[in-house]
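Participant: Build me a model:
(one chain, ligands or ions: 1)
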Amino acid sequence: MEDLHEGTEKEKNGKTSGRKQMIRNRTIPLEQLAIGMEVVALDKSWLETNILFHRFRVRSSEEIAKLRENGILMVTIQVKENEPERTATKPRAAANAREDEDRPIFDEQETEQDFQDLDLHPPYSIAEWTALQKKTVALVSKSFEDVRMGRALNPDPLKPVVIETVEMSLSNPRHNSFLVTLSEVDDESYVHSANTMILSMALAVQSGIPKEELVSWGLAALLHDIGKAMIPLDILKKPGKLNSEEWSTIKKHPQLGFSVLSKNRDSCVSGLCATVCMEHHERKNGTGYPHHIDLKDLNPVSRSLMVLDIYEALTSGRTYRNPLSPAKTLTYLLENEIHRLDPKAVVQLVQMIGIYPVGSLVELADGRIALVTGYQDPDNHTGPVNLTILFSSRSSPLEEAERITLPSIDRDNVRQTFHPRELGLSPSDVIGHIETAETEHG
Ligand SMILES: [Fe+2]
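Facilitator: Residues are numbered from 1 along each chain as shown. From the prediction side, this is the model:
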């Protein structure tokens with residue numbers, strides 16, 4: 001079973017050849033899996049195994065043994081077109097089979113070679129990620145529509161996208177979290193719910209939340225604002241500030257959502273999701289709404305989600321408010337909101353996002369404005385950073401973008417940050433620059 005898509009080949013000297021190459025998915029029996037191969041799917045769903053990563057590069061025979069223990073029979077791997085079939089199926093004499101069992105099928109040299117090649121294909125591309133985000137928004141929209149029309153909410157279609165998001169987050173939580181800030185704001189409730197779930201999964205994975213709890217967290221994030229489905233659209237979509245009566249109506253959405261979710265046949269929806277829906281606007285010392293409950297008496301998922309709720313709302317913007325950059329949003333949270341929130345949850349978010357995540361637009365000390373396209377250590381937002389210079393000054397866009405690498409970026413060499421919209425850049429502009437830079441820098 002195979003499917004094809006285009007990839008880009010990088011030569012070993014670190015420069016791109018510019019040639020397009022077909023990447024192929026091939027499903028093979030587990031016995032043919034070898035060290036160095038890149039697994040992109042297993043024949044069992046994420047919930048049916050205790051294997052955290054379902055997309056990974058095989059690094060040891062122990063990993064293959066773990067797949068066997070979990071009853072995996074077939075795996076889908078990613079290979080480049082023209083890669084010889086021989087590497088996966090080097091024949092072995094029956095008499096030698098037992099002693100070879102624990103050894104990689106590739107010899108040392110071939111394994112080394114293969115690692116270099118497979119490193120070219122990150123487990124999730126930006127295109128795959130944005131497709132998942134769109135799918136999630138569509139499913140959330142359907143859930144809101146069901147509630148608006150008085151139909152029963154079916155959580156089952158939402159679970160697979162939560163699972164896919166977990167896998168994406170496991171693959172690279174930091175790299176992908178910036179994309180939530182690049183959403184268009186049409187249908188803002190749906191986008192907000194999807195983005196909050198995406199952030200929530202990245203944070204939950206980073207915090208080591210047990211796998212069996214992740215889907216519940218994700219559903220709770222997707223449904224936390226479902227009560228807004230019962231708020232009149234002319235209030236929800238009103239441009240400009242709300243008057244006090246309209247504001248009182250909006251503030252009913254936690255209770256309205258709870259009334260729907262708590263009756264759902266699914267125990268996760270009627271339990272955790274309903275609780276988080278009711279609690280996500282409560283604040284420290286009972287300064288929130290609707291029941292003025294102190295933070296310490298809230299579910300930990302509610303304490304975490306309320307921070308992500310604010311972060312997403314500020315970075316995405318609203319019809320009546322321009323979006324903020326991640327750095328400005330985190331600064332705002334630390335300076336103005338932390339006293340009403342769980343400080344641990346705020347710090348976790350700062351650690352996950354980083355001050356200048358990929359996708360940030362920074363004005364350097366010399367006035368040039370650059371897009372952060374990647375860190376050389378993707379697990380760490382410190383150290384060498386790849387930038388694409390887009391403006392020589394705020395009013396002077398460059399005709400041709402220029403790529404540079406700096407040893408680091410911090411408060412000493414960044415004057416200020418911008419949201420793409422402040423500079424007239426669309427989400428696709430930003431994504432395009434990042435993809436180009438990723439191809440260049442590898
Ligand atoms: Fe809300």
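
Participant: Count the neighbours of Met306 for me.
Facilitator: The local packing of Met306 (other CB atoms under 10 Å) involves 25 other residues. The way it works is simple: take the backbone N, C-alpha and C, and place the C-beta from them, glycine included.

Participant: the bottom helix or strand of the chain by mean pLDDT?
Facilitator: Least confident helix or strand of the chain, by mean pLDDT, DSSP states H and E, is helix 108-118 with a mean of 34.

Participant: got a list of what Lys159 touches?
Facilitator: Residues near Lys159 by CB atoms under 8 Å, 6 or more residues apart in numbering: Val215, Gly218, Leu219.

Participant: Give me the three-state assignment for the last one.
Facilitator: So the one you mean is Leu219. helix (DSSP: H, G, I helix; E, B strand; the rest coil).

Participant: Now do the same contact list for it.
Facilitator: Leu219 sits in contact with Pro155, Leu158, Lys159, Val162, Cys268, Val269, Leu272, Cys273, where contact means CB under 8 Å, 6+ apart.

Participant: Which positions in the helix or strand where the fourth one lies come out as buried?
Facilitator: With elements taken from DSSP states H and E, the one containing Val162 is helix 158-171. Residues of helix 158-171 classed as buried by neighbour count (16 or more other CB atoms under 10 Å): 158-171.

Participant: what about the stretch 51-200 of the chain, any weak spots by pLDDT?
Facilitator: 51-53, 81-124, 171-187 (pLDDT under 70).

Participant: can you give me the helices in it?
Facilitator: When assigned using DSSP state H, counting those that start in this stretch, the helices of the stretch 51-200 of the chain occupy the ranges 61-69, 97-100, 108-118, 126-148, 158-171, 173-177, 188-206.

Participant: swap in the stretch 251-400 of the chain?
Facilitator: 253-261, 267-268, 274-279, 300-316, 326-332, 343-353.

Participant: and Gly240, which of these is closest to it?
Facilitator: helix 300-316 (16.5 Å; CB to CB).

Participant: Distance from that closest one to the middle of the chain?
Facilitator: 15 Å (CA atoms, centre = their mean, to the nearest Å).

Participant: Kindly format the C-alpha coordinates of that helix as CSV.
Facilitator: The C-alpha coordinates for helix 300-316 follow below in CSV (Å, rounded to 0.1, in the frame of the first residue of the first chain):
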residue,chain,number,x,y,z
PRO,A,300,-6.3,21.5,37.5
VAL,A,301,-7.3,21.2,33.9
SER,A,302,-9.4,24.4,34.4
ARG,A,303,-6.4,26.2,35.9
SER,A,304,-4.2,25.3,33.0
LEU,A,305,-6.8,25.9,30.3
MET,A,306,-7.7,29.4,31.5
VAL,A,307,-4.1,30.5,30.8
LEU,A,308,-4.2,29.1,27.3
ASP,A,309,-7.6,30.6,26.8
ILE,A,310,-6.2,34.1,27.4
TYR,A,311,-3.0,33.5,25.4
GLU,A,312,-4.9,32.2,22.4
ALA,A,313,-7.5,35.1,22.5
LEU,A,314,-4.7,37.7,22.7
THR,A,315,-2.5,36.3,20.0
SER,A,316,-5.3,35.6,17.6
